[in-house]
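1. Prediction below, plus the sequence it came from.
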Amino acid sequence: MSTHLTVVVLAAGQGTRMKSDLPKVLHTIGARPMLARVIDSAQSLNPQAIHVVYGHGGERVKEQLSGLPVSWILQSQQLGTGHAVSQAMEAIADLQTVLVLYGDVPLITSATLSRLVDAAKDSGLGLLTAELDDPTGYGRIVRDSAGNVTSIVEQKDASPEQLAIAEINTGMLAVNAGQLRDWLDSIDNKNSQGEYYLTDIIALAVESGVTINTISTSDLPEIEGVNNRVQLADLERVFQQRQANRLMLEGVTLHDPARFDLRGNLKAGRDVEIDIGVLIEGEVELGDRCYIGPNCILKDVILGSDVRVEANSILESSTLGSHCLIGPFARLRPECQLADDVKVGNFVEVKKSTVDKGSKINHLTYVGDTRMGANVNVGAGTITCNYDGANKHLTVIGDDVFIGSDTQLIAPVTIGDGATIGAGSTITRDAPSEELTLSRSEQKSRKGWKRPVKTKR
């Protein structure tokens with residue numbers, strides 16, 4: 001832990017341009033709230049403390065992100081960024097270095113933050129800047145003839161000459177807490193917005209003889225903030241492209257990186273191949289040579305080696321052995337455990353079940369709350385009727401069982417090893433091992449029967 005670093009994250013903005021009942025910092029990038037992503041980057045620096053200054057909808061922010069290792073500080077009135085930082089200063093000792101971040105700038109990297117903190121060493125002030133082709137909306141960095149920073153001027157307060165400056169302030173800075181406290185006490189709100197600007201401390205620092213050490217980044221998305229849903233979507237695509245690039249460099253084949261979304265963590269073995277439109281959520285692990293077909297969703301699953309998931313399949317909270325074949329159009333619901341060489345085919349749904357090695361559930365079938373043995377063949381249209389309207393019941397199917405098509409297994413029921421269930425049966429009692437069990441009414445044919453015809457009018 002860095003005993004000399006404290007992070008202050010400003011997250012009190014109302015985000016009116018999002019046009020949402022959800023606080024802006026809770027909108028997500030890669031299925032994780034923007035504020036949480038900023039805190040993730042801050043935590044990588046191992047600071048002594050992280051303070052989040054919240055305001056609008058803050059109780060909701062605190063509730064949703066209650067597991068984060070931060071302290072929450074209320075800014076009851078939104079009087080500007082300088083005022084927001086001052087709300088956190090009471091909890092920060094003078095000898096600390098304060099790093100100021102923003103909860104709506106979600107792609108800031110730990111590497112850049114580390115450079116920024118280093119720029120504040122030796123009683124300096126570290127300031128993160130960038131050069132933009134279009135700096136509209138940002139505060140401009142004003143320098144003297146020697147290139148030293150003298151001040152930051154906000155867009156609405158800038159002169160025409162200052163508006164022509166391309167170097168902008170990102171808002172992120174690092175500085176000694178004692179100095180920061182003094183400067184915050186000295187700024188005023190005599191500007192077009194009537195707010196206390198954090199940027200006004202730059203001129204005060206210059207007056208105090210403090211060196212302004214700027215660092216910059218050419219990776220502009222990492223300093224971009226989100227004010228509306230268009231910007232949110234743009235940064236989502238940047239985030240996803242970065243993840244796709246990382247996976248491909250690690251050896252994963254993505255048929256189209258622009259049509260791949262990772263909203264969690266993916267651990268992939270060698271020669272994994274992922275087709276278009278695949279969504280990965282939660283914690284997913286793919287063994288060597290796995291293939292994930294187009295338009296599949298995988299959430300919190302572990303796949304062994306040489307598993308093939310065909311198009312339009314959904315797998316959730318399940319574990320699969322090696323050499324399994326899933327889909328197309330298959331669904332594995334939570335708590336499924338499939339052994340090696342299992343096949344779950346077209347339009348098959350499996351829920352809270354174990355399926356042993358080599359068993360096949362090929363098509364148009366529902367298997368729920370079931371313990372299925374090895375080398376079982378389940379015919380088309382089979383249903384385990386596990387729900388009686390109030391409670392779920394278990395179906396047990398032994399090894400080497402053959403279940404004919406259009407069979408209903410009314411749980412609780414046990415099918416013995418080697419049993420055969422005749423097609424079209426409704427099984428309400430246990431079926432003995434090595435025997436044929438079926439339930440059918442007698443087939444009859446009526447001689448002389450005529451098919452009805454329409455009456456002529």
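-> That came through fine. Numbers count the residues shown, from 1 in each chain.

2. which residues touch the residue in the chain sticking out farthest from the centre?
-> Ranked by distance from the centre of the chain (Cα atoms, centre = their mean), the top residue is residue 448, with 67.3 Å. The contact partners of residue 448, by Cβ atoms under 8 Å, 6 or more residues apart in numbering, come to none. No exception for glycine: its C-beta is placed from N, CA and C like everyone else's.

3. Phi, psi for it please.
-> The phi/psi pair for residue 448 (degrees, to the nearest 10) reads phi 80, psi 0.

4. And residue 46, by the same measure?
-> Dihedral angles (degrees, to the nearest 10) for residue 46: phi 60, psi 50.

5. helices or strands next to the helix or strand hosting residue 39 in the packing?
-> Here residue 39, judged by DSSP states H and E, is contained in helix 34-43. When contacts are defined as 3 or more Cβ pairs under 8 Å, 6 or more residues apart in numbering; DSSP states H and E, helix 34-43 packs onto strand 2-11, strand 47-54, strand 97-102, helix 110-119.

6. Kindly recompute the last result at 10 Å.
-> Contact analysis of helix 34-43 by 3 or more Cβ pairs under 10 Å, 6 or more residues apart in numbering; DSSP states H and E lists strand 2-11, strand 28-29, strand 47-54, helix 58-64, strand 97-102, helix 110-119, helix 229-249 as its packing neighbours.

7. Residues in contact with the second one: which ones?
-> Which is strand 28-29. For strand 28-29, the surrounding residues in contact (Cβ atoms under 10 Å, 6 or more residues apart in numbering) are 22, 34-37, 106-107, 226, 232-233, 235-236, 238-240, 263.

8. Just name the closest of the residues you listed to residue 442, please.
-> residue 263 (56.2 Å; Cβ to Cβ).

9. Give me the spatial nearest neighbour of the closest one, chain neighbours excluded.
-> residue 31 (3.4 Å; Cβ to Cβ, 6 or more residues apart in numbering).

10. Distance of the one you found relative to residue 403?
-> 39 Å (Cβ to Cβ, to the nearest Å).

11. between the two, which one's more packed in?
-> residue 403 (26 against 13; other Cβ atoms under 10 Å).

12. The more buried one bridge partners, please.
-> residue 378, residue 421 (DSSP bridges).

13. For it, give me the pLDDT.
-> Residue 403 carries a pLDDT score of 98 in this model.

14. Just confirm it contacts residue 421, I think it does.
-> Yes: between residue 403 and residue 421 there is a contact at 4.6 Å, judged by Cβ atoms under 10 Å.

15. Could you tell me which residues touch both of these two?
-> 378-379, 382, 397, 409, 415, 427, 431.

16. What score does residue 27 have for pLDDT?
-> For residue 27, the predicted pLDDT is 96.

17. are any of the contacts of strand 28-29 buried, and which?
-> Listed as buried from those are 34-37, 106-107, 226, 232, 235-236, 238-240, 263; burial here means 16 or more other Cβ atoms under 10 Å.

18. shouldn't residue 355 be in contact with residue 397?
-> Yes: assessed by Cβ under 10 Å, residue 355 is found in contact with residue 397 at 9.1 Å.

19. Which neighbours do those two have in common?
-> 367, 370-373, 376, 378.

20. ok, which stretches of the chain are helices?
-> With helices called from DSSP state H, the chain shows them at 34-43, 58-64, 81-88, 110-119, 160-163, 177-186, 201-207, 229-249.

21. Just want the angle from the first one to helix 229-249.
-> Going back to what we said before, that points to helix 34-43. 50 degrees (axes from the mean of the first three to the mean of the last three Cα atoms, to 10 degrees).

22. so where's this protein shaky on pLDDT?
-> Within the chain, the ranges that satisfy pLDDT under 70 run 1-3, 56-57.

23. Quick one: neighbours of residue 207, just the number.
-> Neighbour count for residue 207, taken as other Cβ under 10 Å: 12.

24. Give the closest residue to residue 51 in space, chain neighbours not counted.
-> In space, residue 51 comes closest to residue 88 once its chain neighbours are excluded; the distance is 4.3 Å by Cβ to Cβ, 6+ apart.

25. separation between residue 92 and residue 98?
-> From residue 92 to residue 98 the distance is 6 Å (Cβ to Cβ).

26. who's more crowded, those two?
-> In this view residue 92 and residue 98 are compared by other Cβ under 10 Å, and residue 98 has more residues nearby, 25 against 20.

27. That one and residue 85 touch, don't they?
-> Yes: with contact defined as Cβ under 10 Å, residue 98 reaches residue 85; the gap is 7.8 Å.

28. Name the residues contacting each of those two.
-> What both residue 98 and residue 85 touch, as defined by Cβ under 10 Å, 6+ apart, is the set 8, 51, 92, 173, 180-181.

29. hmm, back to that, quick check: neighbours shared by residue 92 and residue 98?
-> By Cβ under 10 Å, 6+ apart, residue 92 and residue 98 have these common neighbours: 6, 8, 51, 85, 177-178, 180-181.

30. Just the buried ones from the residues you listed, in PyMOL syntax?
-> Applying 16+ other Cβ under 10 Å to the shared contacts of residue 92 and residue 98, the buried members can be selected in PyMOL as follows:
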select buried, resi 6+8+51+85+177+180+181
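
31. mind listing what residue 254 touches?
-> Neighbour list for residue 254: 243-245, 247-248, 260, 272-276, 278 [criterion: Cβ under 10 Å, 6+ apart].

32. cool, residue 293 as well?
-> For residue 293, the contacting residues are 255, 273-278, 308-313, 326-328, by Cβ under 10 Å, 6+ apart.

33. Next, it: phi, psi?
-> Torsion angles, degrees, to the nearest 10, at residue 293: phi -70, psi 180.

34. excluding its backbone neighbours, what's nearest it?
-> Per Cβ to Cβ, 6+ apart, closest to residue 293 is residue 311, 4.2 Å.
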